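> Quick check, what structure comes out for this input:
(chains A and B)
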Amino acid sequence: EAGVVQSPRYKIIEKKQPVAFWCNPISGHNTLYWYLQNLGQGPELLIRYENEEAVDDSQLPKDRFSAERLKGVDSTLKIQPAELGDSAVYLCASSLQGSAGELFFGEGSRLTVL
Amino acid sequence: AQTVTQSQPEMSVQEAETVTLSCTYDTSESDYYLFWYKQPPSRQMILVIRQEAYKQQNATENRFSVNFQKAAKSFSLKISDSQLGDAAMYFCAGGTASKLTFGTGTRLQVTL
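Residues are numbered from 1 along each chain as shown, chains lettered A, B, ... in the order given. Purely as a prediction, here's the structure:
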């Protein structure tokens, strides 16, 4: 069974440029998460989807970040415009609803903003 | 509110020896779960072990076991017979089925 797939693995952009990250969760997992992981830190939740509905986006900086999960499968996280402080790893995870919190993570997308 | 604290930024263990990673937490939830996740250098985080807070019995998974002290809000991970492949970042996490809070991680080195 394929795991959570993310792309791109690495992205380097100039500040003020836009960037987008894509995630394909494990088949059948209706819950999808985007986490931010700064260097030397644990993941922090940005947004959680149940199917296509964003049920927790309280930590998503909505002035520059946006996310969508059309059709309740793949998801895209966008930053526009990117700032230097956005340099981090963006992790996508998925889970079965009611799976008691067990998350399956992708390998992450490492963003460097110059 | 939930907080998870890992006070050991780095730990080292010799191959075949035993090591314990510490974690404390605080939560206002009555029903919650605790986890240890492993993140090797490739960055894909994988679940090591899970504990339901309502269970008194400590969870075990082969060489991995936890010491869950609910009253003390402590959740340590013991790795027995350490192997080179155990070298990674280990994150403690806790919360409900819908929201987990992660600690800052402990980097485990395994030496020959």
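> Spell out which parts of chain B neighbour chain A.
B:4, B:33, B:35, B:37, B:42-47, B:50, B:52, B:91, B:93, B:95-100, B:102-105 (CB under 8 Å from any CB of the partner chain). For the C-beta atoms, the positions are set from N, CA and C on the backbone; glycine is no exception.
> Go through those residues and flag which are in strands.
B:4, B:33, B:35, B:37, B:46-47, B:50, B:52, B:91, B:93, B:95, B:100, B:102 (DSSP state E).
> could you flag which of these are buried?
Buried residues within these, counting neighbours by 16 or more other CB atoms under 10 Å in any protein chain shown: B:V4, B:Y33, B:F35, B:Y37, B:L47, B:R50, B:F91, B:A93, B:G95, B:L100, B:F102.
> Show me the two of those that sit farthest apart.
Using CB to CB, these reach their maximum pairwise distance at B:V4 and B:L47, which is 15.4 Å.
> tell me the centre residue of chain A?
For chain A, the residue whose C-alpha lies nearest the mean C-alpha position (CA atoms, centre = their mean) is A:W34; its distance is 3.0 Å.
> Chain B now?
B:W36 (3.3 Å).
> That one and A:H29, how far apart?
21 Å (CB to CB, to the nearest Å).
> pLDDT score for the residue of chain A found nearest chain B?
For chain A and chain B, the shortest gap (CB to the nearest CB) falls at A:G42, measuring 3.2 Å. Looking at A:G42, its pLDDT stands at 93.
> Tell me which other helices or strands the strand or helix carrying A:Y33 touches.
For A:Y33, the host element (DSSP states H and E) is strand A:31-37. Where contact means 3 or more CB pairs under 8 Å, 6 or more residues apart in numbering or on different chains; DSSP states H and E, strand A:31-37 is packed against strand A:44-50, strand A:75-79, strand A:88-95.
> try 10 Å this time
Counting contacts by 3 or more CB pairs under 10 Å, 6 or more residues apart in numbering or on different chains; DSSP states H and E, strand A:31-37 packs against strand A:19-24, strand A:44-50, strand A:53-56, strand A:65-68, strand A:75-79, strand A:88-95, strand A:104-105, strand B:100-102.
> Not counting its own residues, what contacts the third one?
What that stands for is strand A:53-56. A:31-34, A:45-50, A:60, A:67-69, A:72, A:75, B:98-99 (CB atoms under 10 Å, 6 or more residues apart in numbering or on different chains).
> What subset of those residues is buried?
Counted by 16+ other CB under 10 Å, the contacts of strand A:53-56 give A:31-34, A:45-49, A:60, A:67, A:69, A:75, B:98-99 as buried.
> from those, which has minimum pLDDT?
B:S98 (76).
> list the contacts for the closest residue to the residue nearest to the centre of chain A other than its chain neighbours?
The shortest distance from A:W34 to any non-neighbouring residue, by CB to CB, 6 or more residues apart in numbering or on different chains, is to A:L46 (4.4 Å). By CB under 10 Å, 6+ apart, A:L46 lies in contact with A:33-36, A:56-61, A:65, A:67, A:77, A:90-92.
> distance of A:L46 from B:L84?
Counting by CB to CB - A:L46 and B:L84 are separated by 34 Å.
> What of B:M11?
15 Å.
> Of the two, which one has the most company?
B:M11 (16 against 10; other CB atoms under 10 Å in any protein chain shown).
> could you give the angle of whichever strand or helix holds B:N67 to strand B:46-52?
Per DSSP H and E: B:N67 is located in strand B:64-69. With axes from the mean of the first three to the mean of the last three CA atoms, to 10 degrees applied, the angle from strand B:64-69 to strand B:46-52 works out at 40 degrees.
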